[in-house]
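Chemist: sequence first, then the predicted structure, then my questions.
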Amino acid sequence: MITKTKIYFIENSYDYNADNLNSEKIGGSEKTLINITNSFSDDDNYLIKVFNNTTKPKLINNVEWNNINQINKSDIPDFLISMSDANLLAKINCKKNYLWSHSIQSIEKFIRKKQLLPFIKFRPIMILEGEYHYKSRNLLISFFGKKILKIAPDNDFINTHIDINHIPSSNAIFTTKSDRNLKFLLNSWREIKKTNIDSKLYINPPYNLTEDDKINGVILRNKSDKEFLIEELKNSKLFITPGHKTEVFCLAAEEARELCVPIVTMGIGSLYERVVHEETGFIANNKDEFVKYSNLILKNDKVYLDLKKNLFNKRNSRNYKHVKNDLIKILLNNK
C-alpha cells in the first residue's frame, strides 16, 4: 500500500470551493489555490486537503475541501501551506510550514496584521510568485527562506482555440483591479482615442464613469463568468495596463497573453515579467511611449499580427502541471 504524502492548504477569505473556479467573483489568489490543488487530482502519491470558509465541504477532483472550523488536530500533514496568513499555521500541527504570499508587505504592515509572532513561532518558508515579488520581500520577513513559484493561467485559457489570422475590432481591455493605476490609464486613453476614434476601452468595476469617460469610449465591463471573459479577451486587440507596485504576478495579464492578446504596459511591479518587449507587446518608459505603443497595435494590423503570432508560439509554455512539479521540488528540498 502506497503511503501518501499529505499536503494541506489553509486559507481564511470567504465561502468558496473548487466548484467556483469559473466564477469571476473568485480572485486571483483563490483561483491559484483551486488550480494548484486540482493539479494533484490524478496523482495517487499525494493526499491533498484544503481548509477554508466553504459551507459546502466535499471531495472535488480528489481534493478534500473542508470547513476551517472542522480541523482534526490529530491529523498531521507532511507539509502545511498557509495562503497569506501566518496565524493560520497554528490551526494544524506540522513541522514543515510554508507561507504563500500574494502581496507586497512592508515590515510595518506585517506587524500591524499581527503576522510577526506566528511567523517567528512556526518558521515558514515563503512562497513568492516571481522575480519582482522575491526582490521586494524584506529579509526580516523571509528569514526562514524564500522560494519562487510562478503560477499560470488555468486550462480553459490554455485550451481555447485561437485563430492567429483573426484581427478583432480595435478595442482595448483592462481586466485588472480598478485601483491599479486606472487614473493614469484613463488619462492616457484620452490621447489614444484622438487617433482611434472608433476604439473602445473596457475596464473592470467598481468605477463610476464620468461623462468624459463615456465620450471617450470607456465602457464598464459586466463581470460574469470565465467563458465571457475569454470571449472578451479574444475580441480585444490590446490588453493595456500600466502595472502597479502591488502587482506581484498579474494573472489577468498572463490570461491575456495565453489568449494571444498583445500587452502594452509601463512594466510597474511584476508587469515587466509578463511582456517580452517588441516580441509579445511593449514596455513603455513614459506616458508618451505608452500612448505610442498602444496606437501602434490598434492602428497597424501587421504589428498586431506579428505580436499575436509570437504569443501563439509561446502558448502553454507554463501550466499547472509545471506549477505542481515546481511546488513538489520546493517541498521535497526542505525535507
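Modeler: Structure's in. What do you need?

Chemist: relative to residue 60, how far out is the residue nearest to the spatial centre of the chain?
Modeler: Centroid-nearest residue in the chain, with CA atoms, centre = their mean: residue 251, separated by 2.8 Å. With the distance defined as CB to CB, to the nearest Å, residue 251 ends up 21 Å from residue 60. Using the backbone N, CA and C atoms, a C-beta is placed for each residue, glycine as well.

Chemist: what ranges do the helices span in the stretch 151-300 of the chain?
Modeler: 155-158, 182-194, 211-215, 226-234, 251-258, 287-299 (DSSP state H, counting those that start in this stretch).

Chemist: residue 31: what's it in contact with?
Modeler: Applying CB atoms under 8 Å, 6 or more residues apart in numbering, we find residue 31 in contact with 21, 154, 251.

Chemist: which one of the residues you listed sits closest to residue 113?
Modeler: Using CB to CB, residue 251 comes nearest to residue 113 of the contacts of residue 31, at 22.6 Å.

Chemist: the closest one contacts residue 26, doesn't it?
Modeler: No - with contact defined as CB atoms under 8 Å, residue 251 does not count as touching residue 26 (11.0 Å).

Chemist: quick one, strands of the stretch 51-200 of the chain?
Modeler: 58-60, 63-67, 79-83, 97-100, 125-128, 146-148, 172-174 (DSSP state E, counting those that start in this stretch).

Chemist: would a markdown table of the ones you listed with mean neighbour count, distance to residue 183 and mean pLDDT be doable?
Modeler: A markdown table is the format used below for the strands of the stretch 51-200 of the chain (neighbours: other CB atoms under 10 Å; distance: least, CB to CB, whole Å; pLDDT from 0 to 100):
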| stretch | mean neighbour count | distance to residue 183 | mean pLDDT |
| --- | --- | --- | --- |
| strand 58-60 | 14 | 40 | 98 |
| strand 63-67 | 19 | 39 | 98 |
| strand 79-83 | 25 | 30 | 98 |
| strand 97-100 | 25 | 31 | 98 |
| strand 125-128 | 22 | 28 | 98 |
| strand 146-148 | 17 | 31 | 97 |
| strand 172-174 | 26 | 12 | 98 |
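
Chemist: how about these, which one is nearest residue 270?
Modeler: Distance to residue 270, taken as CB to CB, is lowest for strand 125-128 among the strands of the stretch 51-200 of the chain, at 10.4 Å.

Chemist: how far does that closest one sit from the chain's center?
Modeler: How far strand 125-128 lies from its chain's middle: 16 Å, per CA atoms, centre = their mean, to the nearest Å.

Chemist: check stretch 196-213 too.
Modeler: 23 Å.

Chemist: and stretch 58-78, how far from the chain's centre?
Modeler: 25 Å.

Chemist: let me fix that: stretch 23-37
Modeler: Per CA atoms, centre = their mean, the centroid offset for stretch 23-37 relative to its chain is 8 Å.

Chemist: same check, this time on stretch 212-222
Modeler: Using CA atoms, centre = their mean, the offset of stretch 212-222 from its chain centre is 25 Å.

Chemist: just for the stretch 101-250 of the chain, where's the confidence low?
Modeler: By pLDDT under 70, the stretch 101-250 of the chain has no low-scoring segment.

Chemist: so how far is residue 325 from residue 56?
Modeler: 30 Å.

Chemist: typo on my end, residue 138
Modeler: To residue 325, residue 138 is 29 Å away according to CB to CB.

Chemist: again with residue 303
Modeler: Applying CB to CB to residue 303 and residue 325 gives a distance of 36 Å.

Chemist: between these two, who's got more neighbours?
Modeler: The neighbour count for residue 303 versus residue 325, taken as other CB atoms under 10 Å, is higher for residue 303 (16 against 10).

Chemist: I figured the more buried one hits residue 296, correct?
Modeler: Yes - counting by CB under 8 Å, residue 296 is a contact partner of residue 303 at 5.4 Å.

Chemist: OK, contacts around residue 13?
Modeler: By CB under 8 Å, 6+ apart, residue 13 lies in contact with 27, 29, 30, 52, 53, 83.

Chemist: let me see the confidence value for it.
Modeler: Residue 13 is assigned a predicted lDDT (pLDDT) of 95.

Chemist: am I right that it sits in a strand?
Modeler: No - under DSSP: H, G, I helix; E, B strand; the rest coil, residue 13 falls outside any strand and is assigned coil.

Chemist: measure it to residue 36 for me?
Modeler: 15 Å.

Chemist: and for the nearest residue to residue 114 once chain neighbours are set aside, the neighbour number?
Modeler: With sequence-adjacent residues excluded and distances taken as CB to CB, 6 or more residues apart in numbering, residue 114 is closest to residue 87, at 6.6 Å. Residues lying near residue 87 (other CB under 10 Å) number 16.

Chemist: domain ranges for this protein?
Modeler: Listed by automatic domain parsing, the domain ranges of the chain are 5-152+318-332, 156-313.

Chemist: and the residue nearest to residue 119 when sequence neighbours are not counted, what does it touch?
Modeler: Nearest non-adjacent residue to residue 119, counting by CB to CB, 6+ apart: residue 86, 4.5 Å away. Neighbouring residues of residue 86 by CB under 8 Å, 6+ apart: 99, 115, 118, 119, 122, 124.

Chemist: among these, who's most crowded?
Modeler: residue 99 (27 neighbours).
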